[in-house]
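Enquirer: Here's my sequence, what's the structure:
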Amino acid sequence: MDLNLDTLKREIVEFLESRQLAIFRSSPGTLESTRMVIWDSEHYPDYQMFLDAALKAGVKLILFGVREFEAADIDDLLEQIEELGFDREAQREYQTRLRKLRLHEGSTCSLELAFHHESNLYIYELQPDWFEEFLAVEDEIASTMAEDDMDDGDSLGGYFSKN
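Expert: Below is the predicted model of the structure:
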């Protein structure tokens, strides 16, 4: 779903304040717990349902993380593409995909709500489709980098043991 998270984040803050919930501004993507429970935002995208569950559980503090898409995100990937030495066609394909994403620079690309309850961390997260595309490109490049690292590290330098 292609969402406008900039509008939604303002709406969420107003909703949290109207319910007198304390807002703790956290960094998105840093929530970690051995007991994480992820909200099914694909089938239940309404953040109010998630927050109603928190209220019914007696929660008074909500972790709220927002991330903006920056030009540096794209620039870093473009740099990696050049360093990896992709063939000309692959390089152009990645550059084209990334240039299209420049339209979203400065937009909110990730929104997270979370709360702790009985040793569990409950998380609600939304990302627009265009950011999913960015993450897909990032994963493809990372896997290529990992393959290159394995290729470099696999060699025994011509030596082997006869034991």
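Enquirer: What strands flank the strand ranked longest in the chain, and is each parallel or antiparallel?
Expert: Of all the segments assigned as strand in the chain under DSSP state E, the longest by residue count is strand 108-117. Counting by DSSP bridges, the strands paired with strand 108-117 are strand 61-68 (antiparallel), strand 120-126 (antiparallel).
Enquirer: Mean pLDDT, mean neighbour count and distance to residue 52 for the ones you listed - can I get that in TSV?
Expert: In short, each C-beta sits where N, CA and C put it, glycine included. TSV is the format used below for the strands paired with strand 108-117 (pLDDT from 0 to 100; neighbours: other Cβ atoms under 10 Å; distance: least, Cβ to Cβ, whole Å):
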stretch	mean pLDDT	mean neighbour count	distance to residue 52
strand 61-68	96	18	12
strand 120-126	95	19	11
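Enquirer: Tell me which of the ones you listed sits nearest to residue 107.
Expert: Nearest to residue 107 among the strands paired with strand 108-117 is strand 61-68 (6.8 Å), distances taken as Cβ to Cβ.
Enquirer: rewinding a little: only the buried residues of the longest strand of the chain, if you could.
Expert: Using 16 or more other Cβ atoms under 10 Å as the burial criterion, the residues of strand 108-117 that qualify are 108, 109, 110, 111, 112, 113, 114, 115.
Enquirer: The fourth one contacts residue 26, correct?
Expert: To tie it back to what came earlier, the one meant is residue 111. No - taking contacts as Cβ atoms under 8 Å, residue 111 lies outside contact range of residue 26: 11.4 Å.
Enquirer: any shared contact partners between the two?
Expert: Counting by Cβ atoms under 8 Å, 6 or more residues apart in numbering, the residues touching both residue 111 and residue 26 are residue 65.
Enquirer: In this structure, which helix is the longest?
Expert: Counting by DSSP state H, the longest helix found in the chain is helix 129-154.
Enquirer: Identify the residues contacting residue 119.
Expert: Counted by Cβ under 8 Å, 6+ apart, residue 119 has contacts residue 35.
Enquirer: if we can go back for a sec, sort out which one of the buried residues of strand 108-117 lies nearest residue 85 for me.
Expert: residue 109 (28.5 Å).
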